[in-house]
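Turn this into a structure:
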Amino acid sequence: MHTPNKRLEGQTALITGSSSGIGKAVALAMGKEGANVVINYHSSKEEAEDVANEISKEKAGGETIVVKADVSKEKEVKQLFKNGIEKFGTIDICVPNAGMQQDAELHKMTLDQWNQVIALNLTGQFLCCREAIIEFLERGMRPKVSKSLGKIINMSSVHEIIPWAGHANYAASKGGIEMLMKSICQGYASKKIRCNSIAPGAIKTEINKDVWSTEEGRKQMKKVIPYDEIGEPEDIGSVASWLASDESEYINGTTIFVDGGMTCYPGFTNNG
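Next comes the predicted model:
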């Protein structure tokens, strides 16, 4: 857990899917650093308002706005950004975090299961990145606020490089995010837009609670984590707030894996 130092003061962060889980942790971390936060939710307004209240209690200087939007829909993404910009003047940091799973063996996977995951996990991130870049370019530099024109932090997964049988739609969406992020860096780094990804490993969230909430489930998860601990959402929040700050200014076009070593192929610990 990092110690807040208000390194995002005067900036506005828009985080999709920030009413719970990793998105919530990112919103809280950036709020503690002094950022204004656009909290996005899809279904639970109450949870989103709880996040806003928690940020306001920190009294770190940032304000919040809660906005409902399905980020797989272009019109709703445009309105989400419009609401944030009308409230705070601009968006400095965009974290496309909203995601979902619809798991099935490939030969049993329906087209609807495929399309739902790709639409939210990949197309939704494209839509958010596009709107963020449009705003950054139209607004121009704010040298007293940030060295970057704008910052995008895509939320990926270790499954952008680790295949995942039974979750092909999810893994494909995360592999796509890697190339989306790198292509944005390649195209806009010269304009001082920074685009990176965070790839969480096994993190305790609702999406995998059925596994980590049991002793046997935790034991099985730890088999693929050299660090022998399951991560917490706050682990991602800490990295995201740092990655959005000037302290990481020269980092662009890369994925930071926050996974306890999961991508180090622990199956080969004893010579495979």
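
ok, how many other residues are close to Cys38?
If you look again at residue 38, you'll see it is Val, not Cys. Counted with other C-beta atoms under 10 Å, the neighbours of Val38 add up to 28. Placement of C-beta: from N, CA and C, glycine included.

do Gly140 as well
Neighbours of Gly140 (other C-beta under 10 Å): 9.

cool, and Asn196?
Neighbours of Asn196 under the rule other C-beta under 10 Å: 24.

Please apply the same query to the one 5 residues further on.
A count of neighbours around Gly201, defined by other C-beta under 10 Å, yields 23.

In this model Pro266 seems to touch it, though I could be wrong.
No - the criterion here is C-beta atoms under 8 Å, and Gly201 misses it with Pro266 at 11.0 Å.

List the residues that are in contact with both of the two.
Common neighbours of Gly201 and Pro266, counting by C-beta atoms under 8 Å, 6 or more residues apart in numbering, are Ile225.

show me where the protein has helices.
21-32, 45-58, 74-88, 111-118, 124-139, 168-188, 209-212, 215-222, 233-243 (DSSP state H).

between the ones you listed, which gets the lowest average pLDDT?
Per-stretch mean pLDDT for these is lowest at helix 209-212 (a mean of 76).

and that helix, how far from the chain's centre?
21 Å (C-alpha atoms, centre = their mean, to the nearest Å).

Could I get the buried residue list for that helix?
Using 16 or more other C-beta atoms under 10 Å as the test for burial, helix 209-212 gives Trp212.

and that helix, what does it pack onto?
With contacts taken as 3 or more C-beta pairs under 8 Å, 6 or more residues apart in numbering; DSSP states H and E, helix 209-212 sits against helix 215-222.

Buried by neighbour count: which residues of the helix it packs on qualify?
Met221, Lys222.
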